[in-house]
Structure formats: C-alpha cells, structure tokens
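Undergrad: give me the fold of what follows.
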Amino acid sequence: MKIRGIAHRGYPAKYPENTLVSFQAARDMGYTQLELDVHLSKDGVPVVMHDAALHRMTNGKGMIKDFTVEQLKQLRIAGTEEIPTLEESLRLVKGEMIVNIDLKQTGDYYTGMEEAVLDVLRATDMVDQVYLMSLDHFSLIKMRKLSPDVELGVSFIGSMPCVLPFMKEIRAQYLGVKLCFLTDEYYRMIEEHGYELIAWPVNSEADMSLVVEKYPSALVTTNDLDMWKSFLEKRSLLPNSRIS
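TA: All right, here's what the predicted structure looks like:
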C-alpha cells in the first residue's frame with residue numbers, strides 16, 4: 001500500500017537525515033515521494049546533504065564544495081553512514097518513489113550544479129521520476145533552459161501570489177509553501193492555477209488535521225512517517241497503491 005506524502009530527507013525521526021538508510025526506510029514504508037537536498041563536491045559530483053557545511057551532520061569540518069567526493073566518502077554521519085551521492089540515492093528508490101530534489105544553489109555558489117544534476121538524471125534514466133525545486137529561482141530558470149522535459153517546483157518561505165505567473169513562465173508544477181503562511185485565499189489561488197501544493201513542515205497531529213481539513217489536495221511533507229501513516233489510517237484516508 002502506498003502512502004501519499006513526502007518523506008522529508010527520508011525518515012529523520014528515526015534515522016540520520018539524507019542518508020541511504022533513511023531513504024530506504026521511507027521506501028519500505030510505501031511513501032510515494034522522497035525529498036532530498038543536493039550540493040556539489042569539489043570535483044563536480046552532486047552529493048546529498050541539507051547543509052553546505054559538514055559539521056552538523058558529519059565528523060568533518062569545512063564546506064562540501066572544498067572536498068572531492070572521494071574525501072567526502074571518508075566522513076561519517078552518526079558514526080556509520082556515508083554521505084550519499086545523488087546517483088546512489090536515485091538508484092535506491094528507482095521505480096518506487098517520486099523524488100523531490102531540492103537544489104541548494106545560491107547564486108553561482110556551485111558552478112555547473114544544474115548541468116551535473118541533469119547528467120545524473122539522464123544517466124539513471126529518471127528524468128520522468130523526479131522534480132527539481134529551489135529557493136534560488138535563477139537556478140530553476142537555468143534548469144528550464146537546459147531541459148524542456150524535467151519537472152520543476154518553486155519553493156517559498158512566505159505566501160507570495162506573484163510567484164504564480166513566474167511558475168507559468170518556467171512551466172513549473174509544484175509550489176512548496178511553509179504551512180504557517182498558507183491561507184484559504186492562497187490555497188484557492190494555487191488550486192485555480194492547477195499547481196500542486198506542497199505543505200511543509202507537517203510534523204504534529206494538529207498540523208496534519210489542519211492540512212486535511214483545510215487544504216485536502218496538498219502534498220504533506222513530514223519528518224514523522226509513522227505519525228502521518230497512523231493519522232491516515234485512523235481517518236481511513238490511505239490511497240490506493242500507486243506512485244502519485
């Protein structure tokens with residue numbers, strides 16, 4: 001049975017975020033979508049981690065961009081886990097989950113990031129199984145110029161109706177909105193434009209109830225996969241078995 005929802009960085013409530021073991025847990029639970037974050041190594045390899053710096057998650061120090069992928073692979077997350085590459089992560093869930101890739105680009109911080117990510121999507125034959133999001137909207141513009149086919153999504157911290165025409169311009173389908181900024185009016189606008197709303201973060205039963213009752217078409221992004229599954233079970237809301 002598939003669970004309609006986005007596993008945020010895998011299953012960080014139980015496993016180290018953005019690791020293969022965390023992704024596998026989400027896949028094994030039957031979540032339809034996985035969210036992960038991508039940076040670029042010194043030698044141009046897309047690697048998966050939320051922060052640009054290494055100290056919070058690993059036993060290393062410094063910035064990801066200053067280390068080759070071979071050097072990054074020597075570091076450990078929670079003592080045992082490696083920093084995964086984007087390719088490793090995608091191959092793990094291929095055919096099982098849609099992948100929401102958050103590009104951690106800022107200006108030209110990572111030269112060639114967009115090209116490198118597209119190369120991985122093509123090498124893994126997963127262009128049609130992912131969508132790319134970013135807070136850096138210039139990165140999304142570049143992505144659309146590089147590829148007419150890849151699906152795009154726009155991230156925003158606030159509620160900004162001005163983003164809707166921009167989404168049409170770059171042919172983006174997904175809009176990520178922080179839950180506290182969602183309103184009935186903004187929700188209606190998103191629905192009327194035919195975009196897929198992603199609500200985040202949704203990590204409490206109160207927030208889950210809010211989304212289901214007020215924004216029922218939204219994709220929920222959660223850290224607590226068991227809680228969301230139990231919530232859906234209690235309300236008899238588990239969908240049929242398909243990737244959505």
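
Undergrad: please tell me how far the residue nearest to the spatial centre of the chain sits from residue 59.
TA: Centroid-nearest residue in the chain, with Cα atoms, centre = their mean: residue 35, separated by 2.7 Å. Going from residue 35 to residue 59 by Cβ to Cβ, to the nearest Å gives 25 Å. Using the backbone N, CA and C atoms, a C-beta is placed for each residue, glycine as well.

Undergrad: go on, residue 170?
TA: Between residue 170 and residue 59 the distance is 39 Å, computed by Cβ to Cβ.

Undergrad: of those two, who's got more company?
TA: residue 170 (15 against 12; other Cβ atoms under 10 Å).

Undergrad: verify the stated contact: that one with residue 142.
TA: No: counting by Cβ atoms under 8 Å, residue 170 stays clear of residue 142, with 9.9 Å between them.

Undergrad: before we move on, what SS does residue 60 have?
TA: coil (DSSP: H, G, I helix; E, B strand; the rest coil).

Undergrad: for burial, what's the neighbour tally of it?
TA: So residue 60, with other Cβ under 10 Å, has 17 neighbours.

Undergrad: nearest residue to the residue nearest to the centre of the chain other than its sequence neighbours?
TA: Closest residue to residue 35 apart from its sequence neighbours, by Cβ to Cβ, 6 or more residues apart in numbering: residue 100 at 4.2 Å.

Undergrad: can you check residue 124 too?
TA: Residue nearest to residue 124 in three dimensions, not counting chain neighbours: residue 90, with 4.8 Å by Cβ to Cβ, 6+ apart.

Undergrad: helix, strand or coil for the one you found?
TA: Per three-state DSSP, residue 90 ends up helix.

Undergrad: what distance do you get for it to residue 98?
TA: For residue 90, the distance to residue 98 equals 11 Å [Cβ to Cβ].

Undergrad: CA atoms only for the helix or strand bottoming out on mean pLDDT in the chain, dumped as CSV, please.
TA: Ranked by mean pLDDT, DSSP states H and E, the weakest helix or strand in the chain is strand 151-156, scoring a mean of 94. Extracted in CSV, the C-alpha atoms of strand 151-156 (Å, rounded to 0.1, in the frame of the first residue of the first chain):
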residue,chain,number,x,y,z
GLU,A,151,9.6,18.9,-13.9
LEU,A,152,10.2,21.9,-11.8
GLY,A,153,8.8,23.2,-8.5
VAL,A,154,9.2,26.6,-6.7
SER,A,155,10.0,27.0,-3.0
PHE,A,156,8.9,30.0,-1.0
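
Undergrad: buried residues, that strand. List them.
TA: Within strand 151-156, the residues scored as buried using 16 or more other Cβ atoms under 10 Å are 151-155.

Undergrad: so what secondary structure elements neighbour the next helix-or-strand element following that strand?
TA: Under the assignment DSSP states H and E, the closest C-terminal helix or strand after strand 151-156 is helix 163-170. Helices and strands touching helix 163-170, by 3 or more Cβ pairs under 8 Å, 6 or more residues apart in numbering; DSSP states H and E, are helix 137-146, strand 151-156, strand 174-178, helix 184-193.

Undergrad: can I get these in TSV with distance to residue 225?
TA: Shown next, in TSV, are those (distance: least, Cβ to Cβ, whole Å):
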stretch	distance to residue 225
helix 137-146	28
strand 151-156	21
strand 174-178	18
helix 184-193	24
